[in-house]
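In: would you be able to build a 3D model of this:
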Amino acid sequence: ADRVELYLQPVVSLPQRRRRFFECYSRVRMADGTVLMPSQYLDVAAREGLIAAIDNLLLLRCVQLVRKSQQRHFDVGFFCHVSPHTLEDGGFFADFVEFLLENNDLANHLFLEFAYADAEGRTEAVGALLDRLAAAGFRFSVDQVTNLDFDPKKLRDLHIGFVKIDAATALRAAESGGMYAMKSGLVRAGIELIVEKIESEAMLLDLLDHDVDYGQGYLFGPPRAARQAA
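Out: This next block holds a predicted model:
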């Protein structure tokens, strides 16, 4: 019923806390106005084969939002998550890549985001499509990074421009002395670090000692409907 709505959460530069990006999320609005979170609708959507359709709507609405921000000269970027369901929908994803290639002025403002495991395990066909986007200037992001023993050079070869790590994982790495080595490797590879799920000032203060590029979390703002967030 076309009730998939776009929600945005800010990603800020640190330590200035200037809004530089937004992450895009999908929500489903019921006929009575109730907003459903993914945890409430994903099982039903998967059972009914609707995940790819929801993802596709999210991607298209992200593009519409980027266009509006460009018209307003609003210099921010948007991260739009691409799920395995969309990557497996070869017809749609190939068509979407062709659309982006025809509109490569979006490259500086739209960043496709993948779970780390999906980026590493991508098929040859998906890899070829992403290589074409990268050649046109698009960069990608990975999240859901649970093991910090990754190879930044390999991520660079996959055209990853941003790595997202949750605050708890980053702080554990800092305590064990692994944060500096990880951050140094990312810098050498030209990859920027976003620490997400920052929920308190105390957590932020601990992170600021470790040269974090960007922060995301409820401390800087919760996800809000696109019409309210930007």
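
In: quick one: low-confidence parts of this structure?
Out: The chain contains residues with pLDDT under 70 at 228-230.

In: and for it, the residue most distant from the center?
Out: Relative to the mean C-alpha coordinate of the chain, counting by C-alpha atoms, centre = their mean, the farthest residue is D32 (29.9 Å).

In: what strand or helix carries that one?
Out: Assigned by DSSP states H and E, D32 falls within no helix or strand.

In: what does Y218 give?
Out: Short version, using DSSP H and E: Y218 is in no helix or strand.

In: and the residue farthest from the centre of the chain, what are its phi and psi?
Out: phi -90, psi 10 (degrees, to the nearest 10).

In: I'd like the distance between it and L42.
Out: Distance, D32 to L42, by C-beta to C-beta, to the nearest Å: 20 Å. Backbone N, C-alpha and C define where each C-beta goes, glycine included.

In: now swap in Y218 and tell me
Out: In terms of C-beta to C-beta, Y218 sits 21 Å off from L42.

In: quick one: residues contacting D213.
Out: Residues in contact with D213 (C-beta atoms under 8 Å, 6 or more residues apart in numbering) are 13-14, 192-194.

In: 7 Å instead, please
Out: Contacts for D213 (C-beta atoms under 7 Å, 6 or more residues apart in numbering) come out as 14, 192-194.

In: again with A173
Out: A173 neighbours (C-beta under 7 Å, 6+ apart): 148, 179, 182.

In: more crowded one of Y218 and L42?
Out: L42 (17 against 12; other C-beta atoms under 10 Å).

In: excluding its backbone neighbours, what's nearest that one?
Out: Counting by C-beta to C-beta, 6 or more residues apart in numbering, L42 lies nearest to I51, which is 7.2 Å off, once chain neighbours are set aside.

In: same check, this time on G190
Out: R156 (6.4 Å).

In: same check on A125?
Out: Per C-beta to C-beta, 6+ apart, closest to A125 is G90, 6.7 Å.

In: tell me, how many residues neighbour that neighbour?
Out: By the criterion of other C-beta under 10 Å, G90 has 13 neighbours.

In: quick one: it from D118, how far?
Out: 15 Å.

In: helices or strands up against the longest strand along the chain?
Out: In the chain, assigned by DSSP state E, the strand with the most residues is strand 18-29. Helices and strands touching strand 18-29, by 3 or more C-beta pairs under 7 Å, 6 or more residues apart in numbering; DSSP states H and E, are strand 4-13, strand 35-36, helix 51-71, strand 77-81.

In: work out the gap between the second one and the centre of the chain.
Out: The one in question is strand 35-36. In this view, strand 35-36 has its centroid 21 Å away from the chain centroid, taken as C-alpha atoms, centre = their mean, to the nearest Å.

In: list the contacts of that strand.
Out: By C-beta under 7 Å, 6+ apart, strand 35-36 touches 27-30.

In: and the residues you listed as CSV, adding distance to H210 and neighbour count?
Out: As requested, the contacts of strand 35-36 are exported to CSV (distance: C-beta to C-beta, whole Å; neighbours: other C-beta atoms under 10 Å):
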residue, distance to H210, neighbour count
R27, 33, 19
V28, 37, 20
R29, 39, 15
M30, 42, 11
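
In: I figured the residue nearest to L42 hits A45, correct?
Out: Yes - using C-beta atoms under 7 Å, I51 makes contact with A45 at a distance of 5.2 Å.
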